[in-house]
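> Have a look at this prediction, sequence included:
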Number of protein chains: 2
Amino acid sequence: MSLSIKDIARLSGVSTATVSRTLSQPDRVSETTREAVMAVVDRHGYRVNSMARNLRRQRADSVLAIVPDLGNPFFSAIFAGLQQTLSAGGTDLLVTDSHSALRGGQSLLSHLREARVDGLVCLDGELPEAARAELKAPDIATRVVFACEWLAEGDFPSVRSDNRAGMRLAVDHLVGLGHRDIAYLSGPGGNVLDTERRAGVVESLASHGLALPGPRFGSGDFSLEAGRAAAAEFLALIPRPTAVICASDQLAIGLASGLHAHGLRVPDDVSLVGFDDIQTAEFVNPPLTTVRQDRLQIGVQAASLLLRQLAGANCAPNKIVTLPVSLQVRGSTAAPSLARKP
Amino acid sequence: MSLSIKDIARLSGVSTATVSRTLSQPDRVSETTREAVMAVVDRHGYRVNSMARNLRRQRADSVLAIVPDLGNPFFSAIFAGLQQTLSAGGTDLLVTDSHSALRGGQSLLSHLREARVDGLVCLDGELPEAARAELKAPDIATRVVFACEWLAEGDFPSVRSDNRAGMRLAVDHLVGLGHRDIAYLSGPGGNVLDTERRAGVVESLASHGLALPGPRFGSGDFSLEAGRAAAAEFLALIPRPTAVICASDQLAIGLASGLHAHGLRVPDDVSLVGFDDIQTAEFVNPPLTTVRQDRLQIGVQAASLLLRQLAGANCAPNKIVTLPVSLQVRGSTAAPSLARKP
DNA sequence: TTGAAAGCGTTACCAG
DNA sequence: CTGGTAACGCTTTCAA
């Protein structure tokens, strides 16, 4: 059993109040007593019990990040950003995925309601209706920020990349290369990111007097598998597009793999653009041209936004931080081969 | 301000003790009172305050996972496994990286010592001496398990893949294909995984009457960049190996990218084998032959081992769980081309 | 089956 | 500058 503040008080001949002050507000204690107390503290390796402290202070010094799927490597960089900012302020990072958070009809807010965490960083924009409703309760809404994805309703503070601007960069790049038949490989239907990115593509194509080929292309999620599966769909497109802008890098890499299996060459037969700039994008063959979003920064900004929010600096309700993106031009895009025009 | 157990007690005309029992041991309460209390609880959406409960019960209902780098996507699957097992038992998952955990001379054990968490899952085998020493304190050692990596000293319980067996599979595969000049691309020097995998390669080569080419090849970490950088080193090897077994998939993919830039073809000019079977391994071009380790399972096993440990089921001291691995044969390996023999 | 009451380890207010 | 002392919200004997 470890020592409590009472033991330290007794051992150093002062009251528990003084020990407490020595530890949390050293300047409110005389130098002599401070040194005496610290000597005892150090000798015994005493650490305050955070459960007791938190109960008394009525806060948890920790926040919960909710992602759609913990196994998705996309979120690692965001965790790093969150952690980086949170740990600097002594706040802990808990993680969970919406699936387990919601399991057994449990509330997304259990952690908040049970006072286990002070706030929530929600990285999932596809919450079931019940969860969305809960989030809007006035005493809750101030403790939540969204990151990456967001909710169309509710005016939650959020941090996101400039998805439309990203797609404009992609379209301009391809059009500049000479492409006119450009397709968009969709992510999950209804997902805000997919909606936004698609809108960005449509909007930018329009400004060049172009449009997307008719039917929706792609379905499912943002994954490698979905990308690969979309290859067959691509082959059926008439006229066949000379370039595809994908809703994510994983889709693009999966599609490249699928196209390759069907004997099509990237970028000779078709140019590919991704979105995210995940680590491997630069290392696949050919290296992927993609819209880079700064995931670390998304984490950093989300954490500091939440921290400010919790600190009561409620200066900016429904604050939205939009992060800039950039186009990384690599080997997966090239001018369309004239030979292929059917 | 939310309601406390006192409010619920008052509202339902019973004592706080009864409310507490109703919530945590429903069978120790008469059906009538139980229903009455639950009605009030439900109407007001009362949730137990976990800080108070934990202070009283003297536990945190949460564990901390420490990884070398939160930004490394390799760990996502392991987090998923940890979470899956932990959440089933109502335990929370905190994450941090060794870097921030150790920042400012802080102890790795702060969280444990401050009673913020009940136990530690350590995924970093390269801890500084001071941290290693701390971990061995008797009251601490029972609350820690290692996963993936481990410490050579200290007899901590740990979960790991069968690294040697994996390398045997890789070597046998290459030798079976006709390779005799096989190199090993090293990860970080001194890292237990690298040491173990290299030993596995050496051992298996020896059983075929073969040996590694002289000098150590590769240095740095397990990353894509390190792999790419190793390409130049590879070119300098004489005689040039016809195959390379890499300490990780990232190294292999990076090396492939570097070799490609130098005009070498995989697998025509050189065969490549990775280790891990990360998601992208199957999607790069050519798809990577690799030793698959089940990261989700590593997480699952580590969590349940820790949970058992904490529950006092100290049945197996220095317990080591070794998980099986398998070889995924894909396009990056082929028979050596005779033409290239110098 | 239920209630009273003693803590769990801190912090912060109020005196001195 | 320091000490006494209520809380913080809950669980768990111990009695009834």
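Structure received. Numbering: from 1, shown residues only, chains lettered A, B, ... in the order given.
> List the residues that contact the most centrally placed residue in chain A.
Nearest residue to the geometric centre of chain A (Cα atoms, centre = their mean): residue A:148, 4.3 Å. The contact partners of residue A:148, by Cβ atoms under 8 Å, 6 or more residues apart in numbering or on different chains, come to A:78, A:123, A:125, A:159, A:160, A:161, A:193, A:298. All C-beta spots, glycine's among them, are computed from the backbone N, C-alpha and C.
> If we use 6 Å, what do you get?
The contact partners of residue A:148, by Cβ atoms under 6 Å, 6 or more residues apart in numbering or on different chains, come to A:123, A:298.
> distance of it from DNA strand D?
Per Cβ to the nearest atom of the strand, to the nearest Å, residue A:148 is found 34 Å from DNA strand D.
> unless I'm mixing things up, residue A:54 is touching residue B:50, no?
No: contact criterion Cβ atoms under 6 Å: residue A:54 and residue B:50 do not qualify, at 9.6 Å.
> And stretch A:125-138, end to end?
The first residue of stretch A:125-138 is 19 Å away from its last residue (Cα to Cα, to the nearest Å).
> And chain B, is that stretch touching that?
No: contact of stretch A:125-138 with chain B (Cβ under 6 Å from any Cβ of the partner chain) is absent, the minimum separation being 9.6 Å.
> Which positions in that stretch come out as buried?
Buried residues in stretch A:125-138, defined by neighbour count with 16 or more other Cβ atoms under 10 Å in any protein chain shown: A:125, A:127, A:131, A:132, A:134, A:135.
> Low-confidence regions, chain A specifically.
Applying pLDDT under 70 to chain A flags residues A:1, A:313-317, A:338-342.
> in it, which spans are strands?
Using DSSP state E, the strands found in chain A span residues A:62-67, A:92-97, A:119-122, A:144-147, A:158-161, A:182-185, A:243-246, A:271-276, A:289-292, A:320-323, A:326-328.
> In the stretch 101-250 of chain A, what residue lies closest to DNA strand C?
Residue nearest to DNA strand C within the stretch 101-250 of chain A: residue A:115 (13.3 Å; Cβ to the nearest atom of the strand).
> for the stretch 51-200 of chain A, same thing?
Among the residues of the stretch 51-200 of chain A, residue A:52 lies nearest to DNA strand C; the distance is 3.2 Å by Cβ to the nearest atom of the strand.
> I'd like to know how far the closest residue to that residue other than its chain neighbours sits from residue B:16.
Nearest residue to residue A:52, sequence neighbours excluded (Cβ to Cβ, 6 or more residues apart in numbering or on different chains): residue B:55, at 5.5 Å. Using Cβ to Cβ, to the nearest Å, residue B:55 is found at 15 Å from residue B:16.
> With residue A:16 instead?
For residue A:16 relative to residue B:16 (Cβ to Cβ), the value is 26 Å.
> Residue A:215 now?
Residue A:215 is 63 Å from residue B:16, by Cβ to Cβ.
> More neighbours: which of those two?
Between residue A:215 and residue B:16, counted using other Cβ atoms under 10 Å in any protein chain shown, the more crowded position is residue B:16 (14 against 9).
> if we can go back for a sec, who touches the residue nearest to residue A:52 in this structure?
A:51, A:52, A:55.
> any chance of those in JSON lines, plus distance to DNA strand D?
Formatted as JSON lines, those follow (distance: Cβ to the nearest atom of the strand, whole Å):
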{"residue": "A:51", "distance to DNA strand D": "9"}
{"residue": "A:52", "distance to DNA strand D": "7"}
{"residue": "A:55", "distance to DNA strand D": "4"}
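> List the ones among the residues you listed that fall in helices.
Among those, the residues falling in helices (DSSP state H) are A:51, A:52, A:55.
> what about the second one, distance to residue A:42?
Looking back up the chat, that one is residue A:52. Residue A:52 is 21 Å from residue A:42, by Cβ to Cβ.
> Just the residues contacting stretch A:296-304, thanks.
A:77-78, A:80-82, A:85-86, A:121, A:145, A:147-148, A:159, A:321, A:323.
> Repeat the analysis, applying 10 Å as the threshold.
A:63, A:65, A:75-89, A:91, A:93, A:119, A:121-123, A:145-148, A:157-161, A:294, A:321-324, B:70-71 (Cβ atoms under 10 Å, 6 or more residues apart in numbering or on different chains).
> circling back: please name the nearest non-neighbouring residue to the residue of the stretch 101-250 of chain A closest to DNA strand C.
residue B:49 (5.0 Å).
> For the nearest residue to residue A:163 once chain neighbours are set aside, list the residues it contacts.
Among residues not flanking residue A:163 along the chain, residue A:196 sits closest, at 4.3 Å (Cβ to Cβ, 6+ apart). By Cβ under 10 Å, 6+ apart, the contact list for residue A:196 reads A:149, A:150, A:160, A:161, A:162, A:163, A:164, A:166, A:167, A:247.
> just checking, the fifth one touches residue A:324?
What it means is residue A:162. Yes: using Cβ atoms under 10 Å, residue A:162 makes contact with residue A:324 at a distance of 5.9 Å.
> Please enumerate the shared neighbours of those two.
With Cβ under 10 Å, 6+ apart, residue A:162 and residue A:324 have common neighbours residue A:293.
> These two: which has the busier surroundings?
With neighbours defined as other Cβ under 10 Å, residue A:162 and residue A:324 compare such that residue A:162 has more, 18 against 12.
> The more buried one and residue B:101, how far apart?
Distance from residue A:162 to residue B:101, by Cβ to Cβ: 34 Å.
> Please verify my assumption that residue A:328 contacts residue A:291.
Yes: assessed by Cβ under 10 Å, residue A:328 is found in contact with residue A:291 at 7.6 Å.
> what touches both of those two?
Common neighbours of residue A:328 and residue A:291 (criterion: Cβ under 10 Å, 6+ apart): A:169, A:273, A:274, A:277.
> Tell me who's in contact with the first one.
This means residue A:169. A:162, A:200, A:204, A:273, A:291, A:292, A:325, A:326, A:327, A:328, A:329.
> what's the closest of those to DNA strand D?
For the contacts of residue A:169, the nearest to DNA strand D is residue A:162 (42.3 Å; Cβ to the nearest atom of the strand).
> Look up phi and psi at the closest one.
phi -80, psi 80 (degrees, to the nearest 10).
> And the helices in the stretch 1-150 of chain A?
Counting by DSSP state H, counting those that start in this stretch, the stretch 1-150 of chain A has helices at residues A:5-12, A:16-24, A:31-44, A:50-57, A:76-88, A:98-102, A:110-113, A:129-135, A:138-141.
> any idea which of those helices is most buried?
Highest mean neighbour count among the helices of the stretch 1-150 of chain A (mean count of other Cβ atoms under 10 Å in any protein chain shown): helix A:76-88, with a mean of 23.
> Off-centre distance for it?
11 Å (Cα atoms, centre = their mean, to the nearest Å).
> ok, is it in contact with chain B or not?
Yes: interface with chain B: helix A:76-88 contributes A:76, A:77, A:78, A:79, A:80, A:81, A:82, A:83, A:84, A:86, A:87, A:88 (Cβ under 10 Å from any Cβ of the partner chain).
> Tabulate the residues you listed (TSV), appending distance to residue B:34.
Compiled in TSV, these are given as follows (distance: Cβ to Cβ, whole Å):
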residue	distance to residue B:34
A:76	45
A:77	48
A:78	44
A:79	42
A:80	47
A:81	46
A:82	41
A:83	43
A:84	47
A:86	40
A:87	43
A:88	47
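> Would you mind trimming those residues to those in range of DNA strand D?
Filtering these for proximity to DNA strand D (criterion: Cβ under 7 Å from any atom of the strand) leaves nothing.
> and of these, the nearest to DNA strand D?
So of these, ranked by how close each gets to DNA strand D (Cβ to the nearest atom of the strand), first place is residue A:86, at 24.0 Å.
> What distance do you get for that closest one to residue A:119?
Residue A:86 is 10 Å from residue A:119, by Cβ to Cβ.
> Give me the common contacts of the two.
Joint contacts of residue A:86 and residue A:119 (Cβ under 10 Å, 6+ apart) are A:62, A:63, A:65, A:303, A:306, A:307.
> so how far is the first residue of stretch A:65-75 from its last?
Where stretch A:65-75 starts and where it finishes are 10 Å apart, if you go by Cα to Cα.
> Fine, thanks again, bye for now.
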